[in-house]
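**Student:** Predicted coordinates and the sequence they were generated for:
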Amino acid sequence: MQVINTAVQLLESGHEIDLLLIDNSKLYLEARKNRINTITVDTFKYFSLIQIIKLRSVLSQKNYNIIHTHFSKDLWLLTPVLRWFGFNTPVILTKHVGSFINKKDTLHRYIYSRLDLALAISKVIKKNLEDTTPLKSNQIELLYSGIDDEKFNPEKVAKNKLRKEYKLSEEQILIGIAGRFSPGKGHEEFINACEILVGKYKNLKFIVIGESSYGESKYGKKIADMPAALGIEDNFIFTGFREDMPEVFNSLDIFVFPSHAEAFGLTLVEAMCMGLPSVCTASDGILDIAIDNETSFLFERENYVELSQKIELLIHSKELREKLAINARQRVLSMFTKKIYIENLISLYKRFIPE
């Protein structure tokens, strides 16, 4: 979706975009739905003479200013084409997830040799690129992703939709978590923290938004069964997947983001943009987004006791919730909007385009 969103924003800014995609893939279908011009290949392999020849033909027909890939695997196709046939088109890579593979060997040095710039979506990804690839630090820059701050605007979205939908009272404090049911997303810590809080407060309701990914239904059932096993099922609502996330966020009082390791954390950014105070894990890309005691409270990864304590601070004080909420939205508006993202991206592109 980041590829699609970026392409749409570039088109809206007056630029011409082609996407090179696998034919009939989900990305291809999204691109066509958004009226983005596509060039397709039948499949993608690390090294394919057929695809190399096709890409050579594509690059020969158009004088592209920039080639921007969002997957390092693409360099296995791009570098041979550009090197062998003398194309000088600058290449930029956006790195969205970290890698644990050491890529400083001779072959990878060749594959990365035609890369002009790597963009990291967070500081932890920037460090990962420095540690695992042959790129020098001056070839890597931060570029934070951006969200639609008009879509995630609490003043333009219905309030308390979930309260009405689930017949909840105004006195109840709604505490939510959103994301797919997958190990490492922090659902277990969240539910264990909730058990502690239920023993202290009678006016809490916990909202769990999301569902299992493909192949993870067994883990999803484990999460769904946890509240009943702990005797707190009456305090929980599992909503399943929701497409109305702005309205969902605008119904909550507190948002919890307990993920063990996130390259960035767009869901957290969306919640903060909706003016929600949050409790987040103090790790990885989350540290680029949330500021402890200013926009959020941070807790040690997997420490559900500390998580419960930080949530409790917000339960106690509506004034504190309101203070963090204001600061959270302001931070997103100053750093993480799609307008800021696309302006910064175009500025980076212009470095490589002759006047």
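**Tutor:** Okay, I see it. Residues are numbered from 1 along each chain as shown.

**Student:** make it CA atoms for all contacts and neighbour counts henceforth
**Tutor:** OK.

**Student:** how much space is there between Pro80 and Leu93?
**Tutor:** Distance from Pro80 to Leu93, counting by C-alpha to C-alpha, to the nearest Å: 16 Å.

**Student:** Repeat that for His15.
**Tutor:** 19 Å.

**Student:** Comparing those two, which residue is more hemmed in?
**Tutor:** More crowded of His15 and Leu93, by other C-alpha atoms under 10 Å: Leu93, with 20 against 11.

**Student:** Hmm, Ser72 and the more buried one touching each other?
**Tutor:** Yes. Using C-alpha atoms under 8 Å, Leu93 is in contact with Ser72, at 6.9 Å.

**Student:** Contacts for the host helix or strand of Lys54 next, please.
**Tutor:** Assigned by DSSP states H and E, Lys54 belongs to helix 49-61. Contact with helix 49-61 is made by Val41, Phe44, Leu77, Leu78, Pro80, Val81, Phe85, as judged by C-alpha atoms under 8 Å, 6 or more residues apart in numbering.

**Student:** Got a ChimeraX select line for the buried ones in the residues you listed?
**Tutor:** The following ChimeraX line selects those of the contacts of helix 49-61 that are buried, judged by 16 or more other C-alpha atoms under 10 Å:
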select :77,78,80,81
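
**Student:** and which of the contacts of helix 49-61 is nearest to Glu195?
**Tutor:** Ranked by distance to Glu195 (C-alpha to C-alpha), those are led by Phe44 at 47.7 Å.

**Student:** For the closest one, which residues are in contact?
**Tutor:** Phe44 makes contact with Ile22, Gln51 under the criterion C-alpha under 8 Å, 6+ apart.

**Student:** most centrally placed residue in this structure?
**Tutor:** The centre of the chain sits closest to Leu266, judged by C-alpha atoms, centre = their mean, with a distance of 3.7 Å.

**Student:** number of nearby residues for Tyr341?
**Tutor:** 19.

**Student:** What residues of the helix holding Lys54 count as buried?
**Tutor:** Using 16+ other C-alpha under 10 Å as the test for burial, helix 49-61 gives Gln51, Ile52, Leu55, Arg56, Leu59.

**Student:** Can I get it in CSV, CA atoms only?
**Tutor:** Presented in CSV, the C-alpha positions along helix 49-61 are these (Å, rounded to 0.1, in the frame of the first residue of the first chain):
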residue,chain,number,x,y,z
LEU,A,49,17.5,-13.4,-18.7
ILE,A,50,14.0,-13.0,-20.0
GLN,A,51,13.1,-10.4,-17.5
ILE,A,52,16.5,-8.6,-18.0
ILE,A,53,15.7,-8.3,-21.7
LYS,A,54,12.2,-7.1,-21.1
LEU,A,55,13.4,-4.4,-18.6
ARG,A,56,16.1,-3.3,-21.1
SER,A,57,13.4,-2.8,-23.6
VAL,A,58,11.3,-0.8,-21.2
LEU,A,59,14.1,1.5,-20.2
SER,A,60,15.1,2.0,-23.8
GLN,A,61,11.6,3.3,-24.7
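
**Student:** Now that helix: average pLDDT?
**Tutor:** Mean pLDDT, computed over helix 49-61, is 87.
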